[in-house]
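**Student:** Quick one: sequence plus predicted model below, questions after.
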Amino acid sequence: MTKAIEVQNLSFRYSEEAKRNAIQDMSFTIENDEWVAIIGHNGSGKSTLAKSIDGLLPLEKGTIIVNGIELSEANLWQVRDQIGMVFQNPDNQFVGATVEDDVAFGLENRGVPRAEMVQRVQDALQRVNMTAFATREPAHLSGGQKQRVALAGIIAVRPQILILDEATSMLDPKGRQDVLATIRQLKAETHMTVLSITHDIDEAASADRILVIDDGQLKQQGTPAEIFRYGSRLIKMGLDVPYTAKVAEDLSTAGVALPSQFLDESELAQTLWTLHSQM
Amino acid sequence: MNKLLIGRYIPGNSFVHRLDPRTKLLASFYYIGIIFLADNWQTYLVLLLFTLAAIAMSKIKLGFFWKGVRPLIWLILFTVLLQVFFTQGGHVYWHWGIFTLSQYGLINGTYIFVRFVLIIFMSTLLTLTTPPLALADAVEYILYPLKYVHFPVYEVALMLSIALRFVPTLMDETEKIMNAQRARGVDFGEGSLMQRIKSLVPLLIPLFVSSFNRADDLATAMEARGYRGGEGRSKFRILKWHAADRWVGLSFIVLTIILIVLR
Amino acid sequence: MDITFTNVDYTYQANTPFQGVGLRDINLTIHGGSYTAIIGHTGSGKSTLLQHLNALLKPTAGTVQIGDRTITPATNNKNLKPIRQKVGMVFQFPESQLFEETVLKDIAFGPQNFGMSADKAHQRAEEMAELVGLPKETWEQSPFDLSGGQMRRVAIAGVLAMQPEYLVLDEPSAGLDPLGRQEMMDLFNKLHRENGLTIVLVTHQMDDVANYADQVVVMEHGQVIRTGTPREIFANEQWLVDKQLGVPKTTHFAEVLKQQGFQFEPLPLTEDELVTALLPQLLRQGGAANE
Ligand SMILES: Nc1ncnc2c1ncn2[C@@H]1O[C@H](COP(=O)(O)OP(=O)(O)OP(=O)(O)O)[C@@H](O)[C@H]1O
Ligand SMILES: Nc1ncnc2c1ncn2[C@@H]1O[C@H](COP(=O)(O)OP(=O)(O)OP(=O)(O)O)[C@@H](O)[C@H]1O
Ligand SMILES: [Mg+2]
Ligand SMILES: [Mg+2]
């Protein structure tokens, strides 16, 4: 079976004068139907990587293969058809003058006949639960709603891969939860491959695998439980420290004997209760 | 921001609101054309009644239309006075150097004034009852024939609709930056002209920077969503004529005939 | 200096077809020296309330007493500068207000508007750059060449340079990475404790409220629906969930532990409190861990 994304020895530098490469000899693969989170501190090269995969930056060194298609000048648009991207600022990616116009934008670009377009726009809006807002203007929407519209615009085009570049970072907690719930649901229904760049612990926890990027290099990869074991060192990697990891660390320092692996809330509560009962 | 109310769309569901934007745009142009048919008080009266009827049908208060006149009032008065003082003929009431206050002058002045007001009322009616986006659609429709001389109609229309979509965003941004600089002790619009101009720098630079960043983000997002120029695009938004639009067309024909008969 | 709201209403674009309610019948006092958190979901009027604290907005009804000045709907826009100086305001994404050629010049902009000489303002700017932790090599750089977190520090330093008594912050850590967020919150805490600034903070992070604030104001639909200490506000988890506000992670985890059988009286609000309350329930007296 073909991989969703294969990156081999990718390097990228913004300009001759730049002090260092924004991406330095990076290689990894992402399987179909996988959800991969990419973490890294500010300026580590995450957005550069995402843009490179979508052919939004010139490919200088290395190979990128998306769904078996190797990215090149010639099949740039073929590759872009496989990928939908949602960016950080909800305002700056809303192209249409109303919600339905915005959802239709990608379809218009692909010359989809109008009758089919209307159908697909409706369907996409329904999936993100924004049907009631079809004719609203962006000025009257919250950030979370705009991001859900952005998601609808992508579903309408039906790509195989969804790339989220800090898509929830400018939202309030409610908006963030709504968008995240929408993504989870879409993933379950459409089996899209999801690549999400994030600083948010809940978003990272949803992933099957986490890649840690630092100074343009791939430094670590593993399941969330494996990565979360880094505890308070996670904050240097650009991720929130999971609350249970903080508490576990505090308790260990105070002399409570706890296992070294990552425990979620109920696991930690049970472990602590066992300790209490042995007292 | 209240000043910007002028020419701003007021949501509603009146007969005028529901008309096709193309009808309203074309009718407004046509109206400006036939207003020059009027040359006596009867014809001006007909036009005035017609305009007031249109305004009444929009269910928007007359006050909003006066607000449209206000920013242009000096230009109007200047033109009217030129007419009044430099037109000669009929009874002369007053004379001083090159200035003459004559009967024809007064009549012409009044006509010019009414003409201005009517044109402004009618175009204000257009903008108050038509969302900017719908207007952009209408403009695109009217520009469509230019496609045959390789004018990029699609691109221009898209640009126009994106520009319109960002107007509220940029207005918010402007207000936000102004407030932030006020909080740092800037007084906008106070002091000498030089001071006023200087106080604009802390507003304009951030506004420029942020607009530039937005444009950059937007271009990336559009490209990522498959935009590669107007070629081969299909269209989601379409316009349809309705019976009401035919009635409007008919009423304009009747109006034209009346004007021709009465002049 | 206290700030007191008495029956304050604020209507956006009053007397137009677009008018909308911003604030409704606000009665509230923010005491000098406090650390007040304002919470409430999107559109509840938090930012509108903040802009009344330094008279950027004037009430459409009622009065706002800022120190010895009373702002009423009739107050004119002249002579508001002393208020703006005393109440420093940091807006959401404040990096968008930067415009000068260098970091120091931008920081010195505020004090100069309040009549300070260029030399003195420059000196003040250096102190403030130091205070907010901007590395020296950035001082003469263009603010637009800095990272997002650093730009925000410049903006905050620019407000601090006016030497305000109040520091008003509208979601100051939004959009930063977790490390940047933590550094921001530490900075404000330091300014509160060491420099004696009164802090008014709008935030969606309940953990920050629990960790730092001593007074909480809860808003909904333009009204203040509750005020109290964090302990009072967070005592009722269900009420907060109903208001779509969430609870601090500690409070939430303490509830989980309670279900498991642990006991807490009172419910801990911060991580430290939780650990302190847990230890006696896990370790036998006298350092049993060494067994
Ligand atoms: N358009 C550009 N021109 C020049 N350099 C750039 C450009 N965009 C990014 N860089 C630089 O490339 C490096 C990687 O940036 P990138 O935006 O990919 O980081 P990131 O991991 O996405 O950070 P963040 O978490 O802040 O979004 C940084 O050092 C940045 O300064
Ligand atoms: N400039 C404006 N013109 C008209 N209405 C406005 C304006 N600014 C805010 N409002 C309205 O006033 C209400 C309160 O807005 P405000 O910005 O104070 O909310 P908030 O609590 O700060 O929300 P958020 O968490 O999203 O920042 C909202 O209903 C909003 O739509
Ligand atoms: Mg990025
Ligand atoms: Mg706000």
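**Tutor:** Good, I have the coordinates. Ligands and ions are numbered 1, 2, ... in the order given.

**Student:** Let's verify the nearest residue to residue A:61 once chain neighbours are set aside: helix, strand, or coil?
**Tutor:** Excluding its sequence neighbours, the residue lying closest to residue A:61 (C-beta to C-beta, 6 or more residues apart in numbering or on different chains) is residue A:11, at 4.2 Å. Quick note: C-beta positions are derived from backbone N, CA and C, even for glycine. Under DSSP: H, G, I helix; E, B strand; the rest coil, residue A:11 falls in the strand class.

**Student:** And for residue A:24?
**Tutor:** Under three-state DSSP, residue A:24 comes out as strand.

**Student:** Can you report how many residues neighbour it?
**Tutor:** Residue A:24 has 17 neighbouring residues, counting by other C-beta atoms under 10 Å in any protein chain shown.

**Student:** Check the one 4 residues further on too.
**Tutor:** Per other C-beta under 10 Å, the neighbour tally for residue A:28 reads 18.

**Student:** you'd agree it is in a strand?
**Tutor:** Yes. Counting by three-state DSSP, residue A:28 is located in a strand.

**Student:** ok, now how distant is it from chain B?
**Tutor:** Plainly put, residue A:28 is 21 Å away from chain B if you go by C-beta to the nearest C-beta, to the nearest Å.

**Student:** Am I right that that residue is in contact with residue A:7?
**Tutor:** Yes. With contacts counted by C-beta atoms under 8 Å, residue A:28 reaches residue A:7, the gap being 5.5 Å.

**Student:** avg pLDDT for stretch C:137-151?
**Tutor:** Mean pLDDT, computed over stretch C:137-151, is 92.

**Student:** send the alpha carbons of it over as PDB?
**Tutor:** Below are the C-alpha coordinates for stretch C:137-151, written out as PDB (Å, rounded to 0.1, in the frame of the first residue of the first chain):
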ATOM      1  CA  GLU C 137      21.300  42.600  21.100                       C
ATOM      2  CA  THR C 138      17.600  43.100  20.200                       C
ATOM      3  CA  TRP C 139      17.400  46.700  21.500                       C
ATOM      4  CA  GLU C 140      18.600  48.500  18.400                       C
ATOM      5  CA  GLN C 141      16.900  46.000  16.000                       C
ATOM      6  CA  SER C 142      13.700  46.700  14.200                       C
ATOM      7  CA  PRO C 143      10.800  45.300  16.200                       C
ATOM      8  CA  PHE C 144       9.600  43.600  13.000                       C
ATOM      9  CA  ASP C 145      12.600  41.400  12.900                       C
ATOM     10  CA  LEU C 146      11.900  39.800  16.300                       C
ATOM     11  CA  SER C 147      10.000  36.600  17.100                       C
ATOM     12  CA  GLY C 148       6.300  36.800  18.000                       C
ATOM     13  CA  GLY C 149       7.000  36.400  21.700                       C
ATOM     14  CA  GLN C 150       9.700  39.100  21.700                       C
ATOM     15  CA  MET C 151       7.500  41.500  19.800                       C
END
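
**Student:** Pull out the buried residues from it.
**Tutor:** Within stretch C:137-151, the residues that qualify as buried are C:138-139, C:141, C:143, C:146, C:149-151, counting by 16 or more other C-beta atoms under 10 Å in any protein chain shown.

**Student:** No more questions from me, cheers.
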